[in-house]
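Enquirer: give me the fold of what follows.
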Amino acid sequence: MRSFLMILTMLISAMLTSALVARTGPSSVPCVYTCPLKDTVGHTLNADDESNNPINCHYKDGGLCKYSKTTGSVTFDQDNGHCPSKAVCSTVTRRAALPQSPRRNVARQVDAGELKLRKRGKRSV
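Expert: Below you'll find the model as predicted:
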């Protein structure tokens, strides 16, 4: 009976511990792949076309590298094997929130005294 209780306690504590561990899911920040500025031997980027899938990257030595727009991996290497293995991931940043007023959104109470004075003034005229 003791061993059963001990095993049950260990199982419950293991389940609770695993439930408390934070799990990292996929990033909610989208990644936009762009051409690397240089190939692996240092030739600079001459021209690029990132509007289509695959992304076309032309380097100064005449090399052409094509990358998948969704994964960023090389799909075509016409740069004698000098294409970087992955395109550059540029994350899109969100706009900052608009500044909020430091005042609280509370309805102000109307001072009825001023209204009574105005009303009295109109009667006397």
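Enquirer: quick one: least confident helix or strand in the protein?
Expert: helix 112-124 (a mean of 61; mean pLDDT, DSSP states H and E).
Enquirer: tell me the SS of V74?
Expert: strand (DSSP: H, G, I helix; E, B strand; the rest coil).
Enquirer: where does the protein have low pLDDT?
Expert: Applying pLDDT under 70 to the chain flags the ranges 16-29, 92-94, 114-125.
Enquirer: what ranges do the helices span in it?
Expert: Remark: helices assigned in the chain by DSSP state H are 2-20, 112-124.
Enquirer: just the C-alpha atoms of the first one, please, in CSV.
Expert: The one in question is helix 2-20. What follows is helix 2-20, C-alpha atoms only, in CSV (Å, rounded to 0.1, in the frame of the first residue of the first chain):
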residue,chain,number,x,y,z
ARG,A,2,2.9,2.4,0.8
SER,A,3,4.5,1.8,-2.5
PHE,A,4,1.3,2.4,-4.4
LEU,A,5,0.8,5.7,-2.5
MET,A,6,4.4,6.7,-3.2
ILE,A,7,4.1,6.0,-6.9
LEU,A,8,0.9,7.9,-7.1
THR,A,9,2.4,10.9,-5.3
MET,A,10,5.4,10.9,-7.7
LEU,A,11,3.2,10.7,-10.8
ILE,A,12,1.0,13.5,-9.6
SER,A,13,4.0,15.7,-8.8
ALA,A,14,5.6,14.9,-12.1
MET,A,15,2.4,15.9,-14.0
LEU,A,16,2.1,19.2,-12.0
THR,A,17,5.7,20.0,-12.6
SER,A,18,5.5,19.4,-16.4
ALA,A,19,2.3,21.5,-16.5
LEU,A,20,4.2,24.4,-14.9
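Enquirer: fine, thanks again, bye for now.
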